[in-house]
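*Asks:* Sequence and predicted structure below; questions after.
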Amino acid sequence: MFSLALTYLMKFNVTFSEERAYPEIIQGGMGVGVSNWRLARSVSQRGELGVVSGTALDTVLIRRLQDGDRDGNVRRALAAFPYPAMVTPIMDKWFQPEGRKADQPYRLKPLPSVSMIREDEELLIVANFVEVYLAKEGHSGLVGINFLEKIQLPTLPSIFGAMLADVDVVLMGGGIPLAIPGVLDAMSDLQPVELKLNLTGSRPTEDDLLTFHPGTYISALQEPLKRPLFFAIVSSDVLAKTLVKKASGIVDGFVVEHYSAGGHNAPPRREGAYGDRDLCDVSKVAELGRPFWLAGGCASPETLQLAKVMGAEGVQVGTAFALSDESGILAEIKLEMIQRYFKNKLDVITDFEASPTGYPFKRVELDCNRRMEARRPCDLGYLRHVYKKDDGTISYRCPSTIRGTYLSKGGDECETEGKRCLCNGLLSTVGLGQVRKGRVFSPLVTCGEDFSFLDTLVKDQTNRYNAKDVIDYLKSGKMNPRAVAHAV
């Protein structure tokens with residue numbers, strides 16, 4: 001928002017930067033399935049950086065197949081995968097030509113684990129290929145994929161699948177992704193890669209590694225893969241400096257995210273509230289000499305221009321694209337959010353308890369999600385905590401699952417308070433919700449705090465707009481009266 005950019009300008013001494021051949025707009029990688037291939041492709045076709053979410057793409061793929069892939073897009077991408085032997089078992093196991101009945105539960109894949117079997121790795125490879133392939137289809141624009149450091153177990157095969165589809169940029173936040181640049185370097189040469197496992201409550205040993213060897217999945221005659229750029233999503237200049245100094249390879253750029261952004265936010269320095277101490281010193285990021293973009297409340301022409309004044313290439317925008325026609329959010333949810341905004345009844349909550357990650361999480365209360373879901377066994381497992389039992393073996397627990405189960409695995413009762421199942425809730429938001437006892441799991445909607453872009457983008461009673469409208473607005477140079485009002 002305009003006031004955010006002015007705060008930065010007044011607080012820090014910033015100067016103009018040289019023009020560089022980077023996109024001005026990065027479309028945020030919102031998961032699960034919000035930043036889908038349709039949205040990313042639409043943005044990329046217009047010369048900006050379209051980004052698909054890499055979160056839970058294996059589940060997204062098999063649910064699309066169980067729903068019959070009615071438009072045939074998934075099967076078209078699968079037919080383009082360069083190693084058909086990986087695709088055949090996926091189609092045989094998951095594709096339902098007639099589709100799934102509305103009251104029929106989705107069949108589930110095994111939960112992510114440290115010792116992932118080959119079949120599950122291949123599903124991740126293929127699923128990430130499909131999403132990037134479809135996003136890149138039919139144009140020459142740039143496409144990125146966004147991963148979360150906190151969701152670690154699927155990361156290596158997921159990156160490989162995206163690289164097989166020639167992904168241009170890998171973006172990652174939700175932690176400190178020191179190892180990812182080196183992973184991209186080695187994987188492009190088809191060399192084995194590894195990640196140090198993040199363990200809850202104990203330090204990893206030399207044996208606690210996630211490993212992956214791309215050469216065991218594709219032909220030894222394969223040419224080296226293109227090494228995508230790596231953009232780290234950070235909330236502080238200290239973290240940006242750390243990544244430049246200590247990362248395993250080159251960090252090619254940064255997305256500097258304000259705490260008003262949607263999804264997961266970095267924890268505040270003062271417990272329970274954000275303030276000036278949580279602002280990133282953008283001038284220090286600029287001094288690192290890497291391209292960067294501002295994110296969080298940046299969906300306005302004035303903020304795009306001010307970001308450039310501060311030395312940024314431009315802005316990353318999420319929520320404005322999330323409510324566009326092309327995003328994966330169900331149409332009825334988009335409509336309710338837009339209507340609530342114009343009635344001044346749209347409230348975004350920074351929930352410090354909801355996420356199993358322990359990070360603050362933005363969510364919106366809507367008619368579709370008033371019902372609180374009962375706790376139940378963890379059946380997707382993307383946000384499970386990995387820990388070591390007393391005997392030294394690896395195990396898993398999630399604070400949003402049945403409380404007794406979590407406590408029996410050594411978890412703390414206080415860690416379960418207020419927790420929600422993000423995995424199932426976010427899938428419901430994009431129309432892929434699980435059915436239990438004849439009822440679909442309640443959606444969980446996340447977005448940023450600023451909606452002033454709707455004043456300009458919503459022009460008629462349809463309450464709809466598309467990704468092109470967002471880009472045209474951001475690059476129009478027009479000043480949004482409500483955004484200017486925030487500044488004064």
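*Replies:* Ah, there it is.

*Asks:* what's near enough to touch residue 382?
*Replies:* 55, 56, 112, 151, 154, 423 (C-beta atoms under 8 Å, 6 or more residues apart in numbering). Backbone N, C-alpha and C define where each C-beta goes, glycine included.

*Asks:* Kindly present the residues you listed as JSON lines, with separate columns for neighbour count.
*Replies:* Putting the contacts of residue 382 into JSON lines (neighbours: other C-beta atoms under 10 Å) gives the following:
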{"residue": "55", "neighbour count": "29"}
{"residue": "56", "neighbour count": "24"}
{"residue": "112", "neighbour count": "22"}
{"residue": "151", "neighbour count": "22"}
{"residue": "154", "neighbour count": "26"}
{"residue": "423", "neighbour count": "26"}
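
*Asks:* how about the strands of the stretch 301-450 of the chain, start to end?
*Replies:* Taking DSSP state E, counting those that start in this stretch, the strands of the stretch 301-450 of the chain run over residues 314-317, 348-351, 361-364, 385-388, 394-397, 435-436, 439-440.

*Asks:* Alpha carbons only: can I get the first one in PDB?
*Replies:* This points to strand 314-317. Extracted in PDB, the C-alpha atoms of strand 314-317 (Å, rounded to 0.1, in the frame of the first residue of the first chain):
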ATOM      1  CA  GLY A 314       9.200  -3.700  -8.900                       C
ATOM      2  CA  VAL A 315       6.600  -5.500  -6.700                       C
ATOM      3  CA  GLN A 316       5.300  -8.900  -6.000                       C
ATOM      4  CA  VAL A 317       1.500  -9.000  -5.800                       C
END
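
*Asks:* rewinding a little: tell me which of the strands of the stretch 301-450 of the chain lies nearest to residue 174.
*Replies:* Residue 174 lies closest to strand 361-364 among the strands of the stretch 301-450 of the chain, at 10.8 Å (C-beta to C-beta).

*Asks:* follow-up on the earlier one: narrow the contacts of residue 382 to those in helices?
*Replies:* Within these, membership in helices is found for residue 423, as judged by DSSP state H.

*Asks:* Quick one: classify residue 293 as helix, strand or coil.
*Replies:* strand (DSSP: H, G, I helix; E, B strand; the rest coil).

*Asks:* which ones are touching it?
*Replies:* Contacts for residue 293 (C-beta under 8 Å, 6+ apart) come out as 26, 253, 254, 255, 256, 307, 312, 313, 314, 315, 316.

*Asks:* Please tell me the pLDDT value assigned to the last one.
*Replies:* As predicted, residue 316 sits at a pLDDT of 97.

*Asks:* re earlier: deepest-packed of the strands of the stretch 301-450 of the chain, please.
*Replies:* strand 314-317 (a mean of 27; mean count of other C-beta atoms under 10 Å).

*Asks:* Which neighbouring elements make contact with that one?
*Replies:* Contact analysis of strand 314-317 by 3 or more C-beta pairs under 8 Å, 6 or more residues apart in numbering; DSSP states H and E lists strand 25-27, strand 292-295, helix 301-309, helix 467-474 as its packing neighbours.

*Asks:* who wins for proximity to residue 84 among the strands of the stretch 301-450 of the chain?
*Replies:* Smallest distance to residue 84 across those (C-beta to C-beta): 32.0 Å, for strand 435-436.

*Asks:* Residue 86 contacts residue 124, doesn't it?
*Replies:* No - using C-beta atoms under 8 Å, residue 86 is not in contact with residue 124; the gap is 10.5 Å.

*Asks:* Look at these two and report which has more neighbours.
*Replies:* residue 124 (26 against 21; other C-beta atoms under 10 Å).

*Asks:* does the more buried one really touch residue 157, like I thought?
*Replies:* Yes - using C-beta under 8 Å, residue 124 makes contact with residue 157 at a distance of 4.1 Å.

*Asks:* Find the nearest non-adjacent residue to residue 466, please.
*Replies:* Of all residues not flanking residue 466 in the chain, residue 325 sits nearest, at 4.5 Å (C-beta to C-beta, 6 or more residues apart in numbering).

*Asks:* now swap in residue 35 and tell me
*Replies:* Counting by C-beta to C-beta, 6+ apart, residue 35 lies nearest to residue 53, which is 4.4 Å off, once chain neighbours are set aside.

*Asks:* Contacts only, for that neighbour.
*Replies:* 29, 30, 31, 32, 33, 34, 35, 36, 145, 146.

*Asks:* Kindly recompute the last result at 10 Å.
*Replies:* By C-beta atoms under 10 Å, 6 or more residues apart in numbering, the contact list for residue 53 reads 28-37, 39-40, 60, 131, 145-148, 263, 328, 426, 430.

*Asks:* Quick check on it: phi, psi?
*Replies:* The phi/psi pair for residue 53 (degrees, to the nearest 10) reads phi -80, psi 130.

*Asks:* mind checking pLDDT for it?
*Replies:* 97.

*Asks:* rewinding a little: assess the claim that the residue nearest to residue 466 and residue 338 are in contact.
*Replies:* No - Residue 325 is not in contact with residue 338 according to C-beta atoms under 10 Å; the separation is 11.8 Å.

*Asks:* Which neighbours do these two have in common?
*Replies:* 462, 464, 465.

*Asks:* of those residues, closest to residue 139?
*Replies:* Comparing the shared contacts of residue 325 and residue 338 against residue 139 with C-beta to C-beta places residue 465 closest, at 21.0 Å.

*Asks:* List the contacts of the closest one.
*Replies:* The contact partners of residue 465, taken as C-beta under 10 Å, 6+ apart, are 320, 323-325, 334, 338, 453-454, 456-459, 472-473.

*Asks:* With adjacent residues omitted, what lies nearest to residue 34?
*Replies:* According to C-beta to C-beta, 6+ apart, the nearest residue to residue 34 is residue 328 (4.9 Å).

*Asks:* Do I have it right that that neighbour meets residue 36?
*Replies:* Yes - Residue 328 is within contact range of residue 36, at 4.3 Å (criterion: C-beta under 10 Å).
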